[in-house]
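A.B. asks: heads up, no residue letters with this:
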């Protein structure tokens, strides 16, 4: 069975600090997909990024960057120079490729509550 | 930009009543999903739906739950006899094609269900 662990329940930082949100996953499949979603206080789930298991290249998008390490089954998310608007719950999620045991469905981690103080 | 919509945003019902939660997926998407999030907890998969039938369902999705695509645009989740523990935020999601580069699931804003 697949599993996603976000060990950090809550993180509190001051604006302009860098912050890294950890995500560790378990899956028996060799092909899978990893995602990060943001849930702001308004409650919706906003897609941030998707990563395929066969592509370990790290990605940067503005102040956001993602570090995918297959060897340690981790997919960490870093926010550089955090802002108050980054305050939200962040979820890491995993889905498996066709033929996998849980094809299509997303398995979410527990989420990390990020609070950025002014 | 196309988006998933859900109605109502908040539904209050009495225990034992039936509720129908409605979703309009993104128009060119083929796969539809329902998830739920009990307050303060993680998002949990309920069911996936493709080609007018259920593809996969979780243990949570028991006989009290059903899904339907009654027309070309709506996707509904019905709970026949609500229980207190059904109180949660219910999210609808849709994607183009799972297991491909087109399988990112986009979520609606959610329906908060409160069972009294």
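C.D. replies: That came through, no problem. Just so it is clear, the model here is predicted, and its values are computed rather than measured. Residues are numbered from 1 along each chain as shown, chains lettered A, B, ... in the order given.
A.B. asks: Next, the contact list for residue 15, please.
C.D. replies: All of this is about chain A. When contacts are counted by CB atoms under 8 Å, 6 or more residues apart in numbering or on different chains, residue A:15 touches A:82, A:83, A:84, A:116, A:117, A:118. Any C-beta I mention is one placed from the backbone N, CA and C, and that applies to glycine too.
A.B. asks: if you could check chain B rather than the one you did, that'd help
C.D. replies: B:82, B:83, B:84, B:115, B:116.
A.B. asks: List the ones among the residues you listed that fall in helices.
C.D. replies: Residues of these located in helices (DSSP state H): none.
A.B. asks: would you turn those into a markdown table with pLDDT, neighbour count and distance to residue A:92?
C.D. replies: Shown next, in a markdown table, are these (pLDDT from 0 to 100; neighbours: other CB atoms under 10 Å in any protein chain shown; distance: CB to CB, whole Å):
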| residue | pLDDT | neighbour count | distance to residue A:92 |
| --- | --- | --- | --- |
| B:82 | 97 | 21 | 31 |
| B:83 | 96 | 11 | 30 |
| B:84 | 97 | 9 | 30 |
| B:115 | 97 | 19 | 30 |
| B:116 | 97 | 10 | 34 |
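A.B. asks: Could you list which of these also contact chain A?
C.D. replies: Among the contacts of residue B:15, no residue is within reach of chain A (CB under 8 Å from any CB of the partner chain).
A.B. asks: Return the subset of those residues lying in strands.
C.D. replies: Within the contacts of residue B:15, residues falling in strands by DSSP state E are residue B:115.
A.B. asks: and which of the contacts of residue B:15 is nearest chain A?
C.D. replies: Relative to chain A, the closest of those is residue B:115; by CB to the nearest CB it sits at 18.1 Å.
A.B. asks: Quick check: the closest one touching residue B:38?
C.D. replies: No - between residue B:115 and residue B:38 there is no contact under CB atoms under 8 Å: 11.7 Å.
A.B. asks: Name the residues contacting each of the two.
C.D. replies: Shared contacts of residue B:115 and residue B:38, counting by CB under 8 Å, 6+ apart, come down to residue B:87.
A.B. asks: and residue B:36, how many neighbours does it have?
C.D. replies: 24 (other CB atoms under 10 Å in any protein chain shown).
A.B. asks: What is the burial count for the nearest residue to it once chain neighbours are set aside?
C.D. replies: Among residues not flanking residue B:36 along the chain, residue B:88 sits closest, at 4.5 Å (CB to CB, 6 or more residues apart in numbering or on different chains). For residue B:88, the count of nearby residues is 22 (other CB under 10 Å).
A.B. asks: List the residues that contact residue B:108.
C.D. replies: Here residue B:108 is in contact with A:44, B:3, B:4, B:5, B:6, B:23, B:91, B:92, B:93 (CB under 8 Å, 6+ apart).
A.B. asks: Recalculate using a threshold of 7 Å.
C.D. replies: By CB atoms under 7 Å, 6 or more residues apart in numbering or on different chains, residue B:108 lies in contact with B:4, B:5, B:6, B:23, B:91, B:92.
A.B. asks: What subset of these is buried?
C.D. replies: Neighbour-count burial (16 or more other CB atoms under 10 Å in any protein chain shown) is assigned, among those, to B:4, B:6, B:23, B:91, B:92.
A.B. asks: Alright, that wraps it up for me.
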